[in-house]
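A.B. asks: next comes the sequence, and after it the predicted model I'd like to discuss.
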Amino acid sequence: MAADDTTLAWLEDLEALRRLPQRYARAIDARDIDAVAALFHPDGRVDGVRGSASVTDYVAGLRAAPSTFTTSMHVLGEPLIDLAPGADTAELDTYAVVYQLGRADDPDAALTLGIRYLDEVVRTEGAWLIRHRRAQALWTRPG
Amino acid sequence: MAADDTTLAWLEDLEALRRLPQRYARAIDARDIDAVAALFHPDGRVDGVRGSASVTDYVAGLRAAPSTFTTSMHVLGEPLIDLAPGADTAELDTYAVVYQLGRADDPDAALTLGIRYLDEVVRTEGAWLIRHRRAQALWTRPG
Amino acid sequence: MAADDTTLAWLEDLEALRRLPQRYARAIDARDIDAVAALFHPDGRVDGVRGSASVTDYVAGLRAAPSTFTTSMHVLGEPLIDLAPGADTAELDTYAVVYQLGRADDPDAALTLGIRYLDEVVRTEGAWLIRHRRAQALWTRPG
């Protein structure tokens, strides 16, 4: 490709990558587990707040576990994206504040978490998927 | 247009669209109602936290109503933007945390809201304007 | 340059500019003062929450001062970027919520600040650097 075409493709990739964490936020907040699963590579891995698991087990866990809180809102900052022009892998570093609200036994219960998502993503059949997510809980606050 | 030109125009549009919610935040936080009005289509509609109104009535309401709080800060996440290449309409889905601070009768009063803005925007004489905004208050907290 | 090349270069610049505040957040949260210093123009100025200083003095102050809190998380919104195509200077207006956590004498101590960064940046030997930062603390809350 000419230099301009490479740059144009790079910019398009950045826009696609930028959507990934936002799509995750909408999917998990809607408890739409199929939509969450579609963002991860089937052979991927999630090192999460609740331990390390394959994507298969992570998704199964989401389906099985009733959510402790009735409502969540994952407010994400702009991701810091590392993508070399023409590369098929990228790194995303995204800060999030997660608001958890309402509990079956206590509608006023609330929890706020500061989370950092470190995602290794890979281009797979034209789409970008999360192959390895490390979610670090930096802080937790009641209310 | 050639494919490259379409992509380039699409990327430019995304940058313009990304600015819209941020310009709204700066305008409303500065209580600059003219600047708020300039972001909406004159024939548009706002389904807001305080009910549904035409843009004309919404703007008039902002001008008429003294703000309950003296200071606000609308902290917005990156919008999730749906725009087909070459299209003249787009959808923006933006998460916001709104900090309201200080009240005439109680300077220490504060309120924090989690709001989701679902905006239908339209290209109008070269600029993107909000034609239909739905603002959903997901949660509210004192302090 | 042809119009397309100018637009392409403008889009690339926006991506570089967008990274600046995010890189600042990661650097300051990691207490990596060298990485913070690398984002500022050596002849620059910082009008900060703790007064006005040259970049040299600002960086020296960061190195000298033990951080009051053990952990920080600078969650930034998308910056509102003003950059004319082809220009070598730009303005960034970034909203931030800064979570400060844990104090040597009180591990449960916490402080949350709403900060607005108004950055004047300049292209310097191919990189964008902050030449003048004004950091305005809009509000502060315990916890």
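C.D. replies: Structure received.
A.B. asks: make sure A:Asp29 is actually in contact with A:His74.
C.D. replies: Yes. Counting by C-beta atoms under 8 Å, A:Asp29 touches A:His74, with 5.8 Å between them. Yep, even glycine has a C-beta here, placed from its N, CA and C like the rest.
A.B. asks: looking at the two, which one has more neighbours?
C.D. replies: A:His74 (23 against 18; other C-beta atoms under 10 Å in any protein chain shown).
A.B. asks: what distance do you get for A:Met73 to chain B?
C.D. replies: Shown here: A:Met73 relative to chain B, a distance of 5 Å by C-beta to the nearest C-beta, to the nearest Å.
A.B. asks: typo on my end, it should be A:Leu76
C.D. replies: 5 Å.
A.B. asks: kindly give the local confidence score, pLDDT, for that residue.
C.D. replies: A:Leu76 carries a pLDDT score of 96 in this model.
A.B. asks: can you get me a residue count around it?
C.D. replies: Neighbouring residues of A:Leu76 were enumerated by other C-beta under 10 Å; the total is 20.
A.B. asks: ok, now which ones touch it?
C.D. replies: Applying C-beta atoms under 8 Å, 6 or more residues apart in numbering or on different chains, one finds that A:Leu76 lies in contact with A:Pro21, A:Gln22, A:Ala25, A:Thr94, A:Tyr95, A:Ala96, B:Gly77, B:Glu78, B:Tyr95.
A.B. asks: isn't the last one up against A:Ala25?
C.D. replies: Same thing as B:Tyr95. Yes. Taking C-beta under 8 Å as the contact criterion, B:Tyr95 and A:Ala25 are neighbours in contact, 6.9 Å apart.
A.B. asks: compare these two (neighbour count), which wins?
C.D. replies: Using other C-beta under 10 Å, the more surrounded residue of B:Tyr95 and A:Ala25 is B:Tyr95, with 26 against 23.
A.B. asks: okay, and that one sits in which element?
C.D. replies: strand B:89-103 (DSSP states H and E).
A.B. asks: orientation of the longest helix anywhere in chain A relative to strand A:89-103 in degrees?
C.D. replies: Criterion DSSP state H: the longest helix present in chain A is helix A:3-29. In terms of direction (axes from the mean of the first three to the mean of the last three C-alpha atoms, to 10 degrees), helix A:3-29 departs from strand A:89-103 by 20 degrees.
A.B. asks: excluding its backbone neighbours, what's nearest whichever residue of chain A sits closest to chain B?
C.D. replies: Of all residues in chain A, the one sitting closest to chain B is A:Gln22 (4.2 Å; C-beta to the nearest C-beta). Beyond its immediate neighbours in the sequence, the residue positioned closest to A:Gln22 (C-beta to C-beta, 6 or more residues apart in numbering or on different chains) is B:Leu80, lying 4.2 Å away.
A.B. asks: where does the residue lying closest to A:Thr124 once chain neighbours are set aside land on pLDDT?
C.D. replies: Spatial nearest neighbour of A:Thr124, chain neighbours left out: A:His41 (6.1 Å); criterion: C-beta to C-beta, 6+ apart. According to the predicted model, the pLDDT of A:His41 comes to 98.
A.B. asks: OK, contacts around the residue in chain A that chain C sits nearest to?
C.D. replies: Per C-beta to the nearest C-beta, A:Leu80 is where chain A lies closest to chain C, at 4.2 Å. Going by C-beta under 8 Å, 6+ apart, A:Leu80 touches A:Leu92, A:Asp93, A:Thr94, C:Arg19, C:Gln22, C:Arg23, C:Arg26.
A.B. asks: could you give the bridge partners of the first one?
C.D. replies: Put plainly, it is A:Leu92. A:Ile81, A:Asp119 (DSSP bridges).
A.B. asks: and chain A, which residues reach chain C?
C.D. replies: For chain A, the residues in contact with chain C (C-beta under 8 Å from any C-beta of the partner chain) are A:4, A:7-8, A:11, A:14, A:75, A:77-81, A:93, A:95-97, A:114, A:116, A:138-139, A:141.
A.B. asks: buried set for stretch A:91-105?
C.D. replies: If you call a residue buried by 16 or more other C-beta atoms under 10 Å in any protein chain shown, then stretch A:91-105 has these buried ones: A:Leu92, A:Asp93, A:Thr94, A:Tyr95, A:Ala96, A:Val97, A:Val98, A:Tyr99, A:Gln100, A:Leu101, A:Gly102, A:Arg103.
A.B. asks: surely A:Glu15 meets B:Leu14?
C.D. replies: Yes. Taking contact to mean C-beta under 8 Å, the distance of 6.0 Å between A:Glu15 and B:Leu14 places them in contact.
A.B. asks: which one of these two is surrounded by more residues?
C.D. replies: A side-by-side neighbour count of A:Glu15 and B:Leu14, using other C-beta under 10 Å, places B:Leu14 first with 21 against 17.
A.B. asks: report the secondary structure element holding A:Leu111.
C.D. replies: Taking DSSP H and E as the criterion, the element that holds A:Leu111 is strand A:106-124.
A.B. asks: remind me what that strand packs against, helices and strands.
C.D. replies: Counting by 3 or more C-beta pairs under 8 Å, 6 or more residues apart in numbering or on different chains; DSSP states H and E, the packing neighbours recorded for strand A:106-124 are helix A:3-29, strand A:69-76, strand A:89-103, strand A:127-142, strand C:69-76.
A.B. asks: quick one, what contacts A:Ala53?
C.D. replies: Counting by C-beta under 8 Å, 6+ apart, A:Ala53 has contacts A:Arg45, A:Val46, A:Gly61.
A.B. asks: could you rerun that using 6 Å?
C.D. replies: When contacts are counted by C-beta atoms under 6 Å, 6 or more residues apart in numbering or on different chains, A:Ala53 is found next to A:Val46.
A.B. asks: repeat for A:Val55
C.D. replies: If you count contacts by C-beta under 6 Å, 6+ apart, A:Val55 has them with A:Phe40, A:Gly44.
A.B. asks: separation between it and C:Thr140?
C.D. replies: As for A:Val55, its distance to C:Thr140 is 41 Å (criterion: C-beta to C-beta, to the nearest Å).
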